[in-house]
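Chemist: just the structure for this:
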Amino acid sequence: MRKYFELPVLFMVTLAFTASMAIAKDYVIYSISQDIPMGVEKEVLRKNFYIDMGKNQGVAKGAVLDVFRVISVLDPYESKKRFNHKIKIGEVKILHSEETSSIGVLNKIESLDETPVFEIGKVMIGDIVTAHVK
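Modeler: Next up, the predicted model:
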């Protein structure tokens, strides 16, 4: 009787581990650093974007990554359902890549005419990053 009990338990544990591996991971911008403004006329402030995606995911120096913002909106009237919109807001070019993280700079920001209104119109912490597709 004991052998029959162990087989379904083993099957369920294996299924749980297999299912968790099939879930895709979202890579995000986890930190931003920038130059300190010195008040000089026509000063250009540089920003670095730290991303939890690196050489293990195929990201190398010079790679361009797409940056998306997820806007979550609730329909309070008809369906009472929440809709998530994944919208491209720009691109980041990689300057340095380690095994599991990278440092990039802003390569391109999408035009205001081609994107919806955001509370913050720039790249920010928590934005989703994916490989650039041409």
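
Chemist: is it fair to say residue 56 lies in a helix?
Modeler: Yes - under DSSP: H, G, I helix; E, B strand; the rest coil, residue 56 falls within a helix.

Chemist: and the nearest residue to residue 87 once chain neighbours are set aside, how far is that from residue 86?
Modeler: Of all residues beyond its chain neighbours, the one nearest residue 87 is residue 69 (5.6 Å), with distances taken as C-beta to C-beta, 6 or more residues apart in numbering. Heads up, the C-betas are built off the backbone N, CA and C, glycines and all. Residue 69 sits 8 Å away from residue 86, going by C-beta to C-beta, to the nearest Å.

Chemist: thinking again about what came up before, distance-wise, check the residue nearest to residue 87 relative to residue 42.
Modeler: As judged by C-beta to C-beta, residue 69 and residue 42 stand 29 Å apart.

Chemist: neighbour count: the two, which is higher?
Modeler: residue 69 (21 against 4; other C-beta atoms under 10 Å).

Chemist: next, the contact list for that one, please.
Modeler: Shown in contact with residue 69 (C-beta atoms under 8 Å, 6 or more residues apart in numbering): 86-87, 89, 118, 124, 127-128.

Chemist: hmm, 7 Å instead?
Modeler: Residues near residue 69 by C-beta atoms under 7 Å, 6 or more residues apart in numbering: 87, 89, 118, 127.

Chemist: mind listing residues that contact stretch 73-91?
Modeler: Surrounding stretch 73-91, the residues in contact under the criterion C-beta under 7 Å, 6+ apart are 64-72, 106-110, 115-116, 123, 127, 132.
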